[in-house]
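Student: Based on what follows, work out the 3D shape:
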Amino acid sequence: MRGMEPAEPVVPGWPALYAPWEHGSRRTFGWATLPLLFIAYVISAIPMVVLAAGAVISAGIDPDAPAQAGEAAMRGEILLPGILMQFTLWGVLTLVWVKAFERRSFASAGFVMPGWAVRYLRGLAVGVGLVLMLGAVMGVLGALSPGAIPEAMRDFSVPDGADWSVLLGGAFLGFAAFALITFLIQGGAEEVIFRGWLMSTLHARWGAVAAVLVSSVIFGAFHIHVMSSGIVYGILALAGITATGVFFAIYAYAERSIWGPMAAHGTFNAAATIVPLSVMQAGEPERAPADLFADVLTRATGLAGAEATEVGPHLLVQPVVFLVLSGALLLMIRARKG
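Tutor: The predicted structure follows:
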């Protein structure tokens, strides 16, 4: 009977970035997103702190010897599990907020299921392509002006007499596989947090342009640790990271899904770490990959310190490349709508 048919669910009239928000959903205030992110980040950092403290204690290092303590805490056996646990927990806390407070579906936060596997696989290729593109541009810059590439980065060039057979050993393959899994999860979790929850929340409050820009600026702000390598270096590095956030935001907007950005971000981080780690391992086959990992990670994340970093044209490569790619994506979106 017509009168007995169930009523259509009432969908809130908020701008939906991915899937519509359901009846009964609640929007987080835009101003509240930053403190919520910070609180969740602090909570998620607890496993890393516990692991680092345990490494220092088990090594029997005097807490008053910060250099030795830092070396013990920065080994790959500590960093990789710590990164994995921290970002998994941060992502889970974010999804709990989506369901428990905002009372909306995961699809409205970017987990749109139709075609998810194709989007994810395409994202893997995009991530590799991003690394290759940045490497190619950096190579052209170095060829045109060799002094533009700092010595610290030239250390990652192929060393003379490299022993590439060490990369086929069980120790390196096992570590590299764990690193790949870790960074796929870490990069994916960042997309869940910044392009999934944050951007869709801001989109429902302030619209698409504000959501893309504000979420990207906040994404950059959560990498403020790069300022430890100097003010000018930090500002340029933050510009590159923020531009990267803009690209991933527009990528998510173009696909109306976070599956592709999750894969691309994870692959990008993994390749940017494992490739230089492989080169260093071939050049120093006697060292364990866990020992080399800390050197690679500190340089890749801008934590090497002012004495180990240089300011130069190479720092403009990342922001320029990602802003150009973002512009190309916007043109594709416009053409598709036209």
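
Student: buried set for the helix or strand hosting Ile181?
Tutor: Counting by DSSP states H and E, the secondary-structure element that holds Ile181 is helix 170-190. Taking 16 or more other C-beta atoms under 10 Å as the neighbour-count basis, helix 170-190 is seen to contain the buried residues 172, 175-176, 178-180, 182-190. Yep, even glycine has a C-beta here, placed from its N, CA and C like the rest.

Student: Extract the CA atoms of that helix and return them as CSV.
Tutor: The C-alpha atoms that make up helix 170-190 are tabulated as CSV, following Å, rounded to 0.1, in the frame of the first residue of the first chain:
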residue,chain,number,x,y,z
GLY,A,170,66.7,-11.0,3.8
ALA,A,171,67.6,-8.2,6.2
PHE,A,172,67.1,-5.4,3.7
LEU,A,173,64.1,-6.9,1.9
GLY,A,174,62.3,-7.5,5.2
PHE,A,175,63.0,-4.0,6.4
ALA,A,176,62.0,-2.4,3.1
ALA,A,177,58.7,-4.4,3.1
PHE,A,178,57.9,-3.3,6.6
ALA,A,179,58.7,0.3,5.6
LEU,A,180,56.4,0.1,2.5
ILE,A,181,53.5,-1.2,4.6
THR,A,182,54.2,1.5,7.3
PHE,A,183,54.2,4.4,4.9
LEU,A,184,51.2,3.2,2.9
ILE,A,185,49.3,3.2,6.2
GLN,A,186,50.9,6.4,7.4
GLY,A,187,50.2,8.3,4.2
GLY,A,188,46.7,6.8,4.0
ALA,A,189,46.0,7.9,7.6
GLU,A,190,47.0,11.5,6.8
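
Student: Below-threshold pLDDT in the stretch 201-338 of the chain: ranges please.
Tutor: Along the stretch 201-338 of the chain, segments meeting pLDDT under 70 span 302-308, 338.

Student: so Ala271 touches Gly129, yeah?
Tutor: No: counting by C-beta atoms under 8 Å, no contact exists between Ala271 and Gly129, whose distance comes to 9.9 Å.

Student: Of the two, which one has the most company?
Tutor: With other C-beta atoms under 10 Å as the criterion, Ala271 and Gly129 differ in neighbour count, and Ala271 comes out ahead with 20 against 15.

Student: Excluding sequence neighbours, find me the nearest residue to the more buried one.
Tutor: Sequence neighbours aside, Val131 is the residue nearest to Ala271 in space, at 4.2 Å (criterion: C-beta to C-beta, 6 or more residues apart in numbering).
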